[in-house]
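Student: 3D, please:
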Amino acid sequence: MSGYNELKEYRLQHISSVSTDHEKLNLLHDDIIERVVLKAVDEIKSEWDAPPAHFAFFMMGSAARFEQAIWSDQDHGIIFESDSEQTQKYFLALGKEISFGLKEVGYDLCDGQVMASNPRWCKSCEGWIQQINDWVDEESWESLRYLLTFFDSRVLVGKRDYLSKVKTTIFERIATNPYLMVRLLENVGHIKKTIGLFGQFLPEQYGEHTGSIQIKQSVLFPYVNAMRLLAIKEKVESPSTLSRMRKMPNYNNEMRHYEKEFSKLLQFRLRFMQDAKNYDDVHYLQLEKLSKEEKKELKRYVKGGRKLYEEAKRKIEKGCSTWS
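Tutor: Numbering: from 1, shown residues only. Model prediction:
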């Protein structure tokens, strides 16, 4: 416990100094999470002995995409080499310890249980490949949402090639069933309306966030979802939205423009999150805090994200009509 308390103090001491710098902030998150994982490994070693197989601890969501704000919740999993029942028990125990440690340090538990303490997100290499195939075969809204969640992943500790091997399975299944791209498109198709018919903002009308815009869902996610889908289509493994933009085969002036805009948007969000008290707060932007010019800037990001998403949608739909 003392080690986690020390890491919590370390986080509190350093977070404010990097809270307005997107890159430095996410590097700090990486540093803290890695330290928690290594501490958790030591804790489990004292009870269970050394890990019985090589493994990879990977992050998902904003942590994997290098897009965390000051506060963040947990989204992570484990891939391990062996497929024995005892090995599964070991790494589930490790996943539980990691989840506990991260909670102690200041990272909220995931409401949807997307954590390595959950058997769904803690599997052998073979188990993960089977899981991907099962999700694709089921093709339900929920299973495809899990697939999209998994695809935004990055190894922080351990064998990086394990995750790459599993992602290759996704690309292979898409290649044999291109229409699946349309199903994935449908899964992220709902974008909460942020700007009205006459160019006015449409903020939250009720609750503690009245007068605020849900910046994550309404502003960031159109960029994130568009580039995730294009990354799957183009077989780009990188989870970061910015790196996906750079690795597009048609990386041209237009894509460079989106890259610059999204980078500015990440900085823009941090500018107004200094008073956020918890993970929920970082998802909302109070309009009353914005100047006239800042509101104009925010509208530009909203329109840019929707435009990028529509362009990605057209490319995917056009590609599927060609393949069919």
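Student: Tell me how far the residue nearest the centre of the chain lies from Gly77.
Tutor: Nearest to the geometric centre of the chain sits Gly61, at 1.5 Å (C-alpha atoms, centre = their mean). Using C-beta to C-beta, to the nearest Å, Gly61 is found at 11 Å from Gly77. Quick note: C-beta positions are derived from backbone N, CA and C, even for glycine.
Student: Find residues that contact each of the two.
Tutor: Applying C-beta atoms under 8 Å, 6 or more residues apart in numbering, one finds that Gly61 and Gly77 are jointly contacted by Val114.
Student: Tally up the residues packed near Leu242, please.
Tutor: By other C-beta atoms under 10 Å, the residues close to Leu242 number 20.
Student: which residues touch it?
Tutor: Each residue near Leu242 by C-beta under 8 Å, 6+ apart is listed here: 66, 259, 262-263.
Student: for Arg65, same thing?
Tutor: Residues in contact with Arg65 (C-beta under 8 Å, 6+ apart) are 152, 154, 224, 239-241.
Student: Mind checking which of those residues land in strands?
Tutor: Under the assignment DSSP state E, those contribute Arg154 to strands.
Student: right, and out of the contacts of Arg65, which lies closest to Leu12?
Tutor: Leu12 lies nearest to Arg154 out of the contacts of Arg65, by C-beta to C-beta, at 25.0 Å.
Student: who touches that closest one in this structure?
Tutor: Contacts for Arg154 (C-beta under 8 Å, 6+ apart) come out as 58-59, 63-66, 163, 239-240.
Student: Verify the stated contact: Ser19 with His29.
Tutor: No. Using C-beta atoms under 8 Å as the test, Ser19 is too far from His29 to be in contact (11.3 Å).
Student: Pick out whichever of the two has more residues nearby.
Tutor: For Ser19 versus His29, neighbours defined as other C-beta under 10 Å are more numerous around His29 (23 against 18).
Student: neighbours around the residue nearest to Ile215 when sequence neighbours are not counted, how many?
Tutor: Nearest non-adjacent residue to Ile215, counting by C-beta to C-beta, 6 or more residues apart in numbering: Leu285, 4.4 Å away. Leu285 has 25 neighbouring residues, counting by other C-beta under 10 Å.
Student: Just give me how far the longest helix belonging to the chain sits from the chain centre.
Tutor: Of all the segments of type helix in the chain, defined by DSSP state H, the longest one is helix 292-323. Relative to its parent chain, helix 292-323 has a centroid offset of 19 Å by C-alpha atoms, centre = their mean, to the nearest Å.
Student: State the mean pLDDT of it.
Tutor: Across helix 292-323, pLDDT averages out at 88.
Student: give me phi/psi at the spatially most distant residue from the centre of the chain?
Tutor: For the chain, the largest distance from the centre (C-alpha atoms, centre = their mean) belongs to Phe198, which lies 32.9 Å off. The phi and psi values for Phe198, taken as degrees, to the nearest 10, are phi -100, psi 20.
Student: same thing with the one 10 residues further on?
Tutor: Backbone dihedrals for Glu208, given as degrees, to the nearest 10, come out at phi -70, psi -20.
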